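K.L.:
fold the following, please.
(one chain, ligands or ions: 1)
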Amino acid sequence: MINRLIAVAPMLDWTDRHFRYLMRIISKHVLLYSEMVTCGAVLHGDRHRLLGFHSAEHPVALQLGGADATQLAQCAVVAEQFGYDEVNLNVGCPSDRVQAGRFGACLMLEPDVVAAAVAAMQAVVNIPVTVKSRIGVDQFDQYKHLYHFVKTVAEAGCQVFIIHARKAWLQGLSPKQNREIPPLQYEVVQRLKQDFPQLTLVINGGITDLIAARQHHLALDGVMIGRQAYTDPYSLIEVDRLFYQDEHPLLSRQQVVAQYLPYIADQLAQGERLASMAKHLLGLLQKVPGAKRWRRYLSTHIHQPNAGVEVIEQALALLPNEV
Ligand SMILES: Cc1cc2nc3c(=O)[nH]c(=O)nc-3n(C[C@H](O)[C@H](O)[C@H](O)COP(=O)(O)O)c2cc1C
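P.N.:
Have a look, this model is predicted:
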């Protein structure tokens, strides 16, 4: 059973393997999710590039986008073979591209399709198959709709639901607006827990600090943090102490970077560009002396041709003291 107390959300273009490695330096235990990878990409794309990850990233979950049970089952097998600890189905993304493929949030309208997919996936892997959804879509946003969705999918064998506590509008709002405009309704997820006490329910949406995360833990089984974890990853530095009873010494931001540098060097040697790893460091310093200088220096220099780890070392040298 995966310890899922705190998870970092799947975020396209953000939670790539490099960011996940950085996050793993900050927390030894938090559960990390990949970006969404579509079934088509898994089945026909460059698997090593799309799915490869560092062994230090465990526990790590692969999020899939798709609706076809047979294809999803094939992808789940690939995920397990690659060593992922969990496979998660995206039932929350409202983007036009995803809707055109009839998956993502619009699948909340088709609980039987999700149930069939979950059953097919679970039949072929030993890792947990989980679902990440919204609380509703369009006018199907009453509690009875969510209840029916969760009940149907749970009966197919899904025991873990991650619920972004706002509905999605399938038309008229961009994905970004769909993360901001529909109001958060945490009470809906709490009600779900009362109705399904046997399920593991993880709440997501608008959780920006660990104190709030602790509050949610009183009523629910886990908390997933998205944008906050990316834009200010150091804000999770105390997560191991607060949620995993691991009292290891807290690293300073400079120490986090120092532990990231050998990874960057290794990736550079494998032909990766500096910016792919270093862009994730931009948010590491927030509201501390030197933060602006740090960001400015990195943004200016990491994209230059042949830029190497010295760019990060130079940026570190600009900081006035240990933060
Ligand atoms: C840049 C970005 C990309 C995202 N990509 C995905 C994705 O691939 N799959 C998914 O389920 N959710 C995706 N999300 C939504 C997040 O997982 C999360 O549900 C949402 O941001 C709400 O949580 P938060 O308020 O803690 O950020 C994305 C969010 C952002 C900001």
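
K.L.:
show me what from this structure comes close to the ligand.
P.N.:
The chain comes close to the ligand at residues 9-14, 35-36, 63, 90, 92-93, 132, 164, 179, 204-207, 225-228, as judged by C-beta under 6 Å from any ligand atom. Glycine gets a C-beta too; all of them are placed from N, C-alpha and C.

K.L.:
and those residues, which are buried?
P.N.:
9-12, 14, 35-36, 63, 90, 92-93, 132, 164, 179, 204-207, 225-226, 228 (16 or more other C-beta atoms under 10 Å).

K.L.:
those in helices, which ones?
P.N.:
Gln228 (DSSP state H).

K.L.:
which SSE is Asn88 in?
P.N.:
Asn88 belongs to strand 86-91 when assigned by DSSP states H and E.

K.L.:
direction included, what does that strand pair against?
P.N.:
strand 60-65 (parallel), strand 129-133 (parallel) (DSSP bridges).

K.L.:
most proximal residue of the protein with respect to the ligand?
P.N.:
Gly226 (2.6 Å; C-beta to the nearest ligand atom).

K.L.:
for that residue, give me the pLDDT.
P.N.:
Looking at Gly226, its pLDDT stands at 98.

K.L.:
for it, which residues are in contact?
P.N.:
Gly226 makes contact with 8-9, 11, 204-205, according to C-beta atoms under 8 Å, 6 or more residues apart in numbering.

K.L.:
now do it against His164, distance only.
P.N.:
8 Å (C-beta to C-beta, to the nearest Å).

K.L.:
helix or strand for Ala213, which one?
P.N.:
Using DSSP H and E, the element containing Ala213 is helix 210-219.

K.L.:
and that helix, what does it pack onto?
P.N.:
helix 186-195, strand 222-225, helix 239-244 (3 or more C-beta pairs under 8 Å, 6 or more residues apart in numbering; DSSP states H and E).

K.L.:
just say which of those is most tucked in.
P.N.:
Counting by mean count of other C-beta atoms under 10 Å, strand 222-225 has the highest mean neighbour count of the helices and strands packed on helix 210-219, with a mean of 24.

K.L.:
partner strands of that one, with direction?
P.N.:
With DSSP bridges as the test, strand 222-225 pairs up with strand 6-8 (parallel), strand 200-204 (parallel).

K.L.:
which secondary element of the chain has the worst mean pLDDT?
P.N.:
The weakest-scoring helix or strand in the chain, judged by mean pLDDT, DSSP states H and E, is helix 96-100 (a mean of 90).

K.L.:
residues making contact with that one?
P.N.:
Contacts of helix 96-100 with the rest of the structure, by C-beta under 8 Å, 6+ apart, involve 65, 90, 104-106, 170.

K.L.:
for that helix, which positions count as buried?
P.N.:
Neighbour counts over helix 96-100 (16+ other C-beta under 10 Å) mark 98-99 as buried.

K.L.:
next, the distance between the ends of stretch 10-17.
P.N.:
Stretch 10-17 stretches 11 Å from its first residue to its last (C-alpha to C-alpha, to the nearest Å).

K.L.:
per-residue confidence averaged over it?
P.N.:
98.

K.L.:
and it, how far out from the chain middle?
P.N.:
In this view, stretch 10-17 has its centroid 7 Å away from the chain centroid, taken as C-alpha atoms, centre = their mean, to the nearest Å.

K.L.:
likewise for stretch 114-134?
P.N.:
Worked out by C-alpha atoms, centre = their mean, stretch 114-134 lies 17 Å from the chain centre.

K.L.:
endpoints of that stretch, how far apart?
P.N.:
14 Å.

K.L.:
same check, this time on stretch 195-213
P.N.:
One end of stretch 195-213 to the other measures 22 Å (C-alpha to C-alpha).

K.L.:
show me which positions of that stretch end up buried.
P.N.:
196, 199-207, 210, 213.

K.L.:
for stretch 33-40, same thing?
P.N.:
For stretch 33-40, by 16+ other C-beta under 10 Å, it's 33-39.

K.L.:
likewise for stretch 246-257?
P.N.:
For stretch 246-257, by 16+ other C-beta under 10 Å, it's 253, 256-257.

K.L.:
stretch 101-114 now?
P.N.:
101, 103-111, 113-114.

K.L.:
ok, stretch 259-272 next?
P.N.:
Quick answer for stretch 259-272 (16+ other C-beta under 10 Å): 260, 263-264, 267-268.

K.L.:
name the helices or strands packed onto the longest helix along the chain?
P.N.:
In the chain, assigned by DSSP H, the helix with the most residues is helix 253-269. If you count contacts as 3+ C-beta pairs under 8 Å, 6+ apart, helix 253-269 packs onto helix 17-26, helix 274-278, helix 309-317.
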